[in-house]
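Asker: Predicted coordinates and the sequence they were generated for:
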Amino acid sequence: PVYNALINGFCRDNKIKEAFSLLSQMADKGIKPNVITYSTIINSLSDAGKVESALAVLAKMFVTGCSPNVHTFTSLLKGYFMEGRLFEALDLWNQMIQEGSEPNVVAYNALIHGLCSNGRMEEALSVSYNMERKGCYPNVTTYSALIDGFAKAGNLVGASMVWNKMITNGCLPNVVAYTSLVDALCRVFMFNQAHCLIEKMAAENCPPNTVTFNTFIKGLCCAGKIEWAVKVLEQMDQDGCLPNATTYNELLDGLSKANRIKEAFELFREMMEKGVEPNIVTYNTMLYGFCHAGMFKEPLQLLGEMLLMGKKPD
RNA sequence: AAAACAACCUGUGUUA
């Protein structure tokens, strides 16, 4: 348990090398890694987009006589889907069932999310029906993944259908579910409705958070409704919801794509004054904006500032 | 509290 906790800590810090060295240290001391040890490592490799390495660890598990469980399979599934390897993901799913690991709600959610993010909404929906039939009931995470999938596909009808089913099934929406629905509305340019939904959230005892507002602002910026987006920024403060770097990045991007680089730069300064630290995306956005506007002195200056702030250009 | 699942930002505004 102590080693597993340590390995988990390294994995969370993206220190996979250190995690592996702990693994070999365990071997030196004659401590046998268990399924949790291996799954922890497999999960972080999957998250890092290194499914091949994750599979190598899986093979090693088998060699040492340790069987994967549903956690292990779910982590690998995620890795396959992240790389768009749909068929291998589905093969893995079948393999999991054949090996006698019953999928639980988390595993189903990972499968549904993977299908959604690979554009397979039909299949994702039918998986949600199947799980229910098998007595594994969809939860708010399941519904949110589906709503988000329909939102990204520009399918408001689908998103609303899932939302209604969620309510009918007595599942309480949380801030993620609401935010996904806000996104669905924004993507079909129903900004007034999105605004109303955000207002409703507070009344329903589920106050919007920074991501909710960011989603709304992004939708407005993409539609060229920058003035409205700026108003939303101002309103966030009143709602006790702090803008973060992403909030500003979206607005900076919107302004510079609308050829309003000067205002973008002012907002960039304002961001710093308000104590929101620019990140690498902020700088990339500004640099892009300047260059796009045919300005060449400013980006060089900004690059200098960036280095002073201890940020590495990527 | 030893492990797995859902929502937001830049990069060529990509499903015609």
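Answerer: Sure thing, it's come through.

Asker: Tell me the residues on the stretch 101-250 of chain A that lie near RNA strand B, please.
Answerer: By the rule CB under 7 Å from any atom of the strand, the part of the stretch 101-250 of chain A lying against RNA strand B is A:104-107, A:109-110, A:113, A:117, A:140-142, A:144-145, A:148, A:152, A:174-177, A:179-180, A:183, A:209-212, A:214-215, A:218, A:222-224, A:244-247, A:249-250. Just so you know, the C-beta spots here come from the backbone N, C-alpha and C atoms, and that holds for glycine as well.

Asker: Where does the nearest residue to residue A:146 once chain neighbours are set aside sit, in terms of helix or strand?
Answerer: Spatial nearest neighbour of residue A:146, excluding adjacent residues (CB to CB, 6 or more residues apart in numbering): residue A:162 at 4.5 Å. Element membership for residue A:162, per DSSP states H and E: helix A:156-168.

Asker: report the angle between the axes of the helix or strand that comes right after that helix and helix A:156-168?
Answerer: For helix A:156-168, the succeeding helix or strand toward the C-terminus, using DSSP H and E, is helix A:175-187. Interaxial angle of helix A:175-187 relative to helix A:156-168 (axes from the mean of the first three to the mean of the last three CA atoms, to 10 degrees): 160 degrees.

Asker: Remind me what helix A:175-187 packs against, helices and strands.
Answerer: Secondary-structure packing of helix A:175-187 (3 or more CB pairs under 8 Å, 6 or more residues apart in numbering; DSSP states H and E): helix A:140-152, helix A:156-168, helix A:191-203, helix A:210-222.

Asker: Show me what counts as buried in the first one.
Answerer: It stands for helix A:140-152. Along helix A:140-152, these residues count as buried under the neighbour rule (16 or more other CB atoms under 10 Å): A:141-152.

Asker: Return the closest of those with respect to RNA strand B.
Answerer: residue A:144 (3.1 Å; CB to the nearest atom of the strand).

Asker: Distance of that closest one relative to residue A:233?
Answerer: As judged by CB to CB, to the nearest Å, residue A:144 and residue A:233 stand 25 Å apart.

Asker: go on, residue A:268?
Answerer: 13 Å.

Asker: Residue A:20 too?
Answerer: For residue A:20 relative to residue A:233 (CB to CB), the value is 44 Å.

Asker: which residues does residue A:4 contact?
Answerer: A:34, A:36-37, A:40 (CB atoms under 8 Å, 6 or more residues apart in numbering).

Asker: check which helix or strand covers it.
Answerer: helix A:2-12.

Asker: tell me which residues of that helix are tucked away?
Answerer: A:3-4, A:6-8, A:10-11.

Asker: Contacts for the helix or strand just after that helix next, please.
Answerer: Using DSSP H and E, the helix or strand that follows helix A:2-12 in sequence is helix A:16-28. With CB under 8 Å, 6+ apart as the test, helix A:16-28 has contacts from A:3, A:6-7, A:10-11, A:32-33, A:37, A:40-41, A:44-45, A:48.

Asker: Same list, these, but as JSON lines with distance to residue A:308 and pLDDT please.
Answerer: Formatted as JSON lines, the contacts of helix A:16-28 follow (distance: CB to CB, whole Å; pLDDT from 0 to 100):
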{"residue": "A:3", "distance to residue A:308": "41", "pLDDT": "83"}
{"residue": "A:6", "distance to residue A:308": "36", "pLDDT": "85"}
{"residue": "A:7", "distance to residue A:308": "37", "pLDDT": "90"}
{"residue": "A:10", "distance to residue A:308": "31", "pLDDT": "86"}
{"residue": "A:11", "distance to residue A:308": "33", "pLDDT": "89"}
{"residue": "A:32", "distance to residue A:308": "50", "pLDDT": "89"}
{"residue": "A:33", "distance to residue A:308": "45", "pLDDT": "93"}
{"residue": "A:37", "distance to residue A:308": "43", "pLDDT": "96"}
{"residue": "A:40", "distance to residue A:308": "38", "pLDDT": "96"}
{"residue": "A:41", "distance to residue A:308": "38", "pLDDT": "96"}
{"residue": "A:44", "distance to residue A:308": "33", "pLDDT": "95"}
{"residue": "A:45", "distance to residue A:308": "36", "pLDDT": "95"}
{"residue": "A:48", "distance to residue A:308": "30", "pLDDT": "92"}
